[in-house]
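S.K.: sharing a sequence plus its predicted fold:
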Amino acid sequence: MKILVAIKRVVDANVKVRVKSDGSGVDLSNAKMAINPFCEIAVEEAIRMKEAGSAEEVIAVSIGSQQCQEQIRTALALGADRGILVQAEPDLQPLAIAKLLQAVVEREQVDLVILGKLSIDTDNNQVGQMLAALCNYPQGTFACKAEMKDGKIEVSREIDGGEQTVLLDLPAIVTTDLRLNEPRYASLPNIMKAKKKPIDTLTPEELQVEVGSRIKTLSVSPPPERSAGVKVESVAELVEKLRSEAKVI
């Protein structure tokens, strides 16, 4: 079985993002970049499947600028076998990303695609579902457990009020949730080995995919600052403030 894992380059989750002074977007200058946390979980799950003997090859693919090679190398150090960089504009819309991934899936003839349920920078939660529709593959979204069974994959997915278990024929799409696994750290020897692993570079033109955006960002602004809290002396005073100031009751 061949597994394709999609990873995205985002600002590190521990970094406080800043908005550019002109409101045109997020200031990425000197910002620490990393693999999207949900994508790290996807990489970990693919590697575990390979270690269990369910997969022969894990391919890490990223779409964006040349700098995305850093995140691909990280995935290779974690255990992926080779990487693919689709060099394109970094701010592509979800549908364009899904179309590019579809082209890579068809090119590589993979049996399973694992990707994060969303990226922490845009929070769209769309690419996995769009990719499944474009490929006409069954999908298991928000996976908190995934297990290979008799040539199929059983996915437990988080839904409102509990969990739902689905059994998917391969090829399939799986999007990962936080409780699926805990990603490992790359060891120094594996980081050195990753430098020798191959990374192929493709372009949207080579994949024959139109990536033009139909959405224009008008402005970006930080959320309003929260006002300081106050202490109250009694329940009656709390109720009064909730009624007169907060106006929630």
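M.R.: Here it is on my side, so go on. Numbers count the residues shown, from 1 in each chain.
S.K.: longest strand anywhere in the chain?
M.R.: strand 139-149 (DSSP state E).
S.K.: can you name the residues bridging to the residue most central in space within the chain?
M.R.: Geometric centre of the chain, nearest residue: G116, 3.5 Å, by C-alpha atoms, centre = their mean. In this structure, G116 bridges to T176 when assessed by DSSP bridges.
S.K.: repeat for I3
M.R.: V58, L112.
S.K.: that one: how many residues sit nearby?
M.R.: 26 (other C-beta atoms under 10 Å). (Glycine included, C-beta is placed from N, CA and C.)
S.K.: what sits against it?
M.R.: A46, M49, K50, A55, E57, V58, I59, V110, D111, L112, V113, I114 (C-beta atoms under 8 Å, 6 or more residues apart in numbering).
S.K.: and M192, helix, strand or coil?
M.R.: helix (DSSP: H, G, I helix; E, B strand; the rest coil).
S.K.: so it versus R73, what's the distance?
M.R.: Relative to R73, M192 is positioned 11 Å away (C-beta to C-beta, to the nearest Å).
S.K.: next: R9.
M.R.: Where R73 is concerned, R9 sits at a distance of 11 Å (C-beta to C-beta).
S.K.: E57 too?
M.R.: Distance, E57 to R73, by C-beta to C-beta: 17 Å.
S.K.: between those two, which is the more surrounded one?
M.R.: Neighbours of E57 and R73, each counted by other C-beta under 10 Å, are more numerous for R73; the result is 19 against 16.
S.K.: if we can go back for a sec, buried ones in the longest strand of the chain?
M.R.: Using 16 or more other C-beta atoms under 10 Å as the test for burial, strand 139-149 gives Q139, G140, T141, F142, A143, K145, A146, M148.
S.K.: ok, what's across the strand from the first one?
M.R.: The partner list for Q139 in beta bridges (DSSP bridges) reads I173.
S.K.: pull the contacting residues for it.
M.R.: Here Q139 is in contact with G128, Q129, A132, L168, A172, I173, V174, T175 (C-beta under 8 Å, 6+ apart).
S.K.: residue contacts, the last one?
M.R.: Read it as T175. With C-beta under 8 Å, 6+ apart, T175 has these contacts: 38, 42, 114-117, 128-129, 139-143.
S.K.: count the neighbours of the residue lying closest to it once chain neighbours are set aside for me.
M.R.: Of all residues beyond its chain neighbours, the one nearest T175 is G128 (3.8 Å), with distances taken as C-beta to C-beta, 6 or more residues apart in numbering. Neighbours of G128 under the rule other C-beta under 10 Å: 28.
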